[in-house]
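J.: pasting the sequence and the predicted coordinates here, then a few questions.
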Amino acid sequence: MKDVYLFSGFLGSGKTSLLTDVIRQFKAKGLKPAVIMNELGKLPFDSQAVDRDVPLREMLEGCICCSGAEKTEAQIQTLLMTAEWDVLLIETTGAAHPVEALDAVYSPLFAEQLNIKGIVTVADSHLWLNRQTLTPQVRTLFMEQIRHAHLLLANKMDLLTEEEQARAVFEMQGFNGSAFILQTTNGKVPLSLLERMEATAQIPKEQIEEARIGKQLTLSSRIVTFERSVTQESFEQWVRELPDTVYRMKGYVPVEGVKHPMLFQYAYGMVQWLPEFMNMPPKLVLIGDNIGDVQVLGIDR
Ligand SMILES: Nc1nc2c(ncn2[C@@H]2O[C@H](COP(=O)(O)OP(=O)(O)OP(=O)(O)O)[C@@H](O)[C@H]2O)c(=O)[nH]1
């Protein structure tokens, strides 16, 4: 299993600074990192910060969330097939919602190969203290990135007084009680802290595969394997009755009377079904808060 880290954080908060330093540290340990970078706009600006010997895939058309999970899936697949690497670092754009970004890396296709370690959010602490200057939408995104972090870097500490530093960390901890918070400058974090993040997908063997992120985190993912086929109607009925703390689902659902499991997508109350021409494994990924308790149709438990 290869470890995967997602670097989240608002525009200009220090993600690329973190990325370059983490690459340096992995290399110093003799490990080979690979990188997926997402840029808003078309210029591969940040990628110049990554050494040439690091396998790199870029998505220049937008962020992980809005350019679609399929592209990220394809990028990861390409990396898995074409390059030698030990650990994958994914830098999301500052405009990505962390749940969407996480969703993009959770594919049933490589659930057995990747170990999603979780979300490292770089927070601009100066901006945190001045967040009332942001528009409501932007402020919501900025705060969501902080709220869903598994490891939170309170960055740009050099710009704050001691009193401000303490206030920023205190407030952030109140907002995200489960993340470990580290005060940083230029995104410098000891590798051991990243490596200590609790991994997610301890896959096979059992029918139900729990995937946990972090310790007592709210946001978590779970991969389940269907034991029998369901009807489309009954499955949609089950979806309608789900608690609204299930944010996202995707996978392949075995549907009665249909040859191969159908590609199923769910996001923010919307359901999408697509026929699949290959026989894909009947697995479903759920992402949300406390999803361990959700009883899934077609799975006995
Ligand atoms: N003073 C100060 N500047 C920082 C710190 N961390 C990053 N910066 C600067 O902030 C700017 C943005 O840093 P990046 O690492 O490119 O941030 P990013 O999150 O990758 O930016 P986007 O890719 O645009 O979202 C750069 O000019 C960095 O040098 C810090 O701790 N203190």
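T.: That came through fine.

J.: quick check: which ranges of the stretch 1-150 of the chain have low pLDDT?
T.: 38-49, 57-70, 93-96 (pLDDT under 70).

J.: quick one, strands of it?
T.: 2-9, 33-38, 56-59, 87-91, 114-124 (DSSP state E, counting those that start in this stretch).

J.: what about the most centrally placed residue in the chain, distance to Leu286?
T.: By C-alpha atoms, centre = their mean, the chain has its centre lying nearest to Leu102, at 2.1 Å. Remark: distance between Leu102 and Leu286 (C-beta to C-beta, to the nearest Å) = 12 Å. Quick note: C-beta positions are derived from backbone N, CA and C, even for glycine.

J.: thought the residue nearest to the centre of the chain was touching Ser221?
T.: Yes - the pair Leu102 and Ser221 passes the contact test of C-beta atoms under 8 Å, sitting 7.0 Å apart.

J.: where does the stretch 1-150 of the chain come near the ligand, residue by residue?
T.: 9, 11-17, 46, 94 (C-beta under 6 Å from any ligand atom).

J.: hmm, 5 Å instead?
T.: Proximity of the stretch 1-150 of the chain to the ligand, by C-beta under 5 Å from any ligand atom, involves residues 11-17, 94.

J.: got the contact list for the helix or strand Ala154 falls within?
T.: Using DSSP states H and E, the element containing Ala154 is strand 151-155. The contact list for strand 151-155 (C-beta atoms under 8 Å, 6 or more residues apart in numbering) reads 9, 13-14, 17-18, 118-125, 128, 146, 165, 168-169, 172, 176, 179-187, 189, 193-194, 197.

J.: now Arg196. Its backbone dihedrals?
T.: For Arg196, the backbone dihedrals are phi -80, psi -10 (criterion: degrees, to the nearest 10).

J.: now do it, the pLDDT please.
T.: Per-residue confidence for Arg196 comes out at a pLDDT of 88.

J.: likewise Glu209?
T.: So, for Glu209, pLDDT stands at 33.

J.: hmm, Arg131 is touching Arg139, no?
T.: Yes - counting by C-beta under 8 Å, Arg131 does reach Arg139; the two are 5.4 Å apart.

J.: TSV please, covering the strands of the stretch 1-150 of the chain and showing mean neighbour count.
T.: Shown next, in TSV, are these (neighbours: other C-beta atoms under 10 Å):
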stretch	mean neighbour count
strand 2-9	24
strand 33-38	25
strand 56-59	20
strand 87-91	25
strand 114-124	26
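
J.: any chance of these in a markdown table with distance to Phe235 as columns?
T.: What follows is those, written out as a markdown table (distance: least, C-beta to C-beta, whole Å):
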| stretch | distance to Phe235 |
| --- | --- |
| strand 2-9 | 29 |
| strand 33-38 | 32 |
| strand 56-59 | 31 |
| strand 87-91 | 31 |
| strand 114-124 | 26 |
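
J.: if we can go back for a sec, which of the residues of the stretch 1-150 of the chain next to the ligand count as buried?
T.: Taking 16 or more other C-beta atoms under 10 Å as the criterion, what is buried in these is 13-17, 94.

J.: that concludes my questions; thank you for your assistance.
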